[in-house]
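Visitor: okay, sequence plus prediction incoming.
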Amino acid sequence: MIRTFLLAVVLPVYMTLVGGPLLLFALLTHRTAALYKAGLAGAKLALWISGIKVEAQGLENIVRGSSAVYMANHQSNSDPAAVLSVLPPVLVLVKKEFFRVPLLGPAMKVRGFISIDRQHREQALVALDQAVAKLRAGHSFLAYPEGTRSPDGHLQPFKKGVFRMAIQAGAPIVPISVSGSSKLLQKGKRRIHPGTIRLTLHRPIPTQGMTVEALDRLMAAVRQAIISGLAEDERPLDLPPAEDGELE
C-alpha cells in the first residue's frame, strides 16, 4: 500500500507544479509538445514509483513517416503509461469520464485527445469521425479495441468502431500485445504489485483500399496477432472460429 500512497501524493503534486504551467502555456500558444513530454514523464514516474518495468519487443514495427493506429489489449490502468512510453507521440481515444479529471482532462483536450462515449452511439460516431480526420492529417492514435479493461485479464471481444476508423482513414494497424499487467494492478483494486509488463508490437496490417466488407477479417487478423503475444492465462476463454483465419 506504500506505493499506492506515494502515487496518490506525488502525482497530484507533479501535475500541479509541472503540468499546470505547461497547460497554461499550451492554452496560450497552442503549442503542446512540452505538455505531452511532461505527461509522458509523469507516466514513467508513476511506473517507477509502482515498481513496474516495461519490456518491449518489435519496436521496429513502429510506423515512421505516416499515421497509424496502434491497437492494444487492455488489462489494467497501468497499460497506457507502459504503451505510451515506447511509442512516438500519439493521440488517444479516451473514455469521457477521464476528461473530468482536473488538469488531466484539459491537458488531454488541448493536446487533441478525443473523448468517446460508448453509451451514446451518435456521440461515439462523431468522435470516430474526428479521429478519422486527425489520422488523415497525419496524427497517429492509440486505441483499445476491447473498449474497456478486461475484468479478469483474459482478452475480451472487440468493438468494431476503431477498425472502421482505420479503414476510413486508410491507416495501418499495429497490434500490440500487453502481457502481465493484470497481475500488477487488478481491476477494481487499488493495491499495486511490482513486476514487469511485456509489450509485443506486431507487424503493421495495411488497410489502404480496404472496405467495410473486410472488417471481420481485419478484426480477426488483429485479434490473432494480439493473442500470439499473450500468456496462456490471458488468452480468450472461448476462441471463435475466426481466430484461425488470416487477412487476405
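Guide: Thanks, I have it. Residues are numbered from 1 along each chain as shown.
Visitor: show me what counts as buried in the helix or strand containing Leu22.
Guide: Assessed by DSSP states H and E, Leu22 sits inside helix 20-29. Using 16 or more other Cβ atoms under 10 Å as the test for burial, helix 20-29 gives 22-23, 26. Glycine gets a C-beta too; all of them are placed from N, C-alpha and C.
Visitor: flag the shaky bits of the chain, pLDDT-wise.
Guide: Along the chain, the parts satisfying pLDDT under 70 run over 239-248.
Visitor: what about stretch 208-220, distance to the chain center?
Guide: 21 Å (Cα atoms, centre = their mean, to the nearest Å).
Visitor: follow-up on the earlier one: export the buried residues of helix 20-29 to CSV and tack on distance to Val69?
Guide: Shown next, in CSV, are the buried residues of helix 20-29 (distance: Cβ to Cβ, whole Å):
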residue, distance to Val69
Leu22, 27
Leu23, 27
Ala26, 24
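Visitor: and which of these is nearest to Gly195?
Guide: Leu22 (30.9 Å; Cβ to Cβ).
Visitor: what residues are up against the closest one?
Guide: Residues near Leu22 by Cβ atoms under 8 Å, 6 or more residues apart in numbering: 34-35, 38.
Visitor: what's the closest non-adjacent residue to it?
Guide: Leu35 (4.5 Å; Cβ to Cβ, 6 or more residues apart in numbering).
Visitor: just checking, that neighbour touches Val110?
Guide: Yes: judged on Cβ atoms under 8 Å, Leu35 makes contact with Val110 at a distance of 7.2 Å.
Visitor: more neighbours: which of the two?
Guide: Taking other Cβ atoms under 10 Å, Leu35 and Val110 do not tie; Leu35 has more neighbours (22 against 15).
Visitor: check which helix or strand that one maps to.
Guide: Assigned by DSSP H and E, Leu35 falls in helix 33-50.
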